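Participant: A predicted structure for the sequence below; I have some questions about it.
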Amino acid sequence: MEDTPTNALAVALFSEILTNDQLIRNQLSRVLPKGMEISHFSVLNHLARAGAERSPAELARSFHVTRGAMTNTLHKLEWAGYVHIRPDWDDARRKRVSISPAGRTAREAAISSITPLISEVVSELGEDKVRSALPVLRSLRARLGSDE
């Protein structure tokens, strides 16, 4: 592949995003409540915001992970008492997942623990810079998500 300014720009963009992803995950992992993983928080946050039950397959698609990976996360969340998993009354082969009251409490604790960190980062970067970056990041997510 030819080394062009466009290729160099693309490599720089993805390099920055991947490095930032790793740094963000490390920082968040340090401040999340004991025993909570980023994947756990993400699923709890998704279920709380959705306000409705989801199937494990729907959750796997939403998070771009395999069904097996989502099943593993859901089992850990169920064991902790953070989600309820029940049979789908219309199709007993399927399951439905909802957030439990304990899951809502755990989500709120996680939000409380990460808010100071993310607020500090936004404050240091400046709200205008963050606002201007969001459309680019959303467009990138939409473009990459459309490949599936």
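Facilitator: Sure thing, it's come through.

Participant: Quick check: mean pLDDT of stretch 5-19?
Facilitator: The average pLDDT for stretch 5-19 rounds to 92.

Participant: Give me the buried positions along that stretch.
Facilitator: By neighbour count on 16 or more other CB atoms under 10 Å, the buried set for stretch 5-19 is empty. C-beta coordinates here come from the backbone N, C-alpha and C atoms, glycine included.

Participant: and what of stretch 91-103?
Facilitator: Those buried within stretch 91-103 under the rule 16+ other CB under 10 Å are Lys95, Arg96, Val97, Ser98, Ile99, Ser100, Gly103.

Participant: I'd guessed the second one sits against Glu53; true?
Facilitator: This means Arg96. Yes: contact criterion CB atoms under 8 Å: Arg96 and Glu53 qualify, at 4.3 Å.

Participant: quick one, longest strand in the protein?
Facilitator: In terms of residue count, the longest strand belonging to the chain (DSSP state E) is strand 91-99.

Participant: what residues does stretch 36-43 touch?
Facilitator: 25, 28-29, 32, 59, 63, 70, 73-74, 76-77, 80, 82-83, 106-107, 110, 114 (CB atoms under 8 Å, 6 or more residues apart in numbering).

Participant: Which helix or which strand is home to the residue nearest to the spatial centre of the chain?
Facilitator: Per CA atoms, centre = their mean, the C-alpha nearest to the average position across the chain is that of Ser42, at 4.0 Å. If you go by DSSP states H and E, Ser42 is part of helix 38-50.

Participant: For the following helix or strand past that helix, what is the distance to the chain centroid?
Facilitator: Per DSSP H and E, the first helix or strand lying C-terminal to helix 38-50 is helix 56-63. With CA atoms, centre = their mean, to the nearest Å as the basis, helix 56-63 stands 11 Å off its chain's centre.

Participant: now for helix 56-63, which elements pack on it?
Facilitator: Contact partners of helix 56-63 among helices and strands, from 3 or more CB pairs under 8 Å, 6 or more residues apart in numbering; DSSP states H and E: helix 38-50, helix 67-79, strand 91-99.
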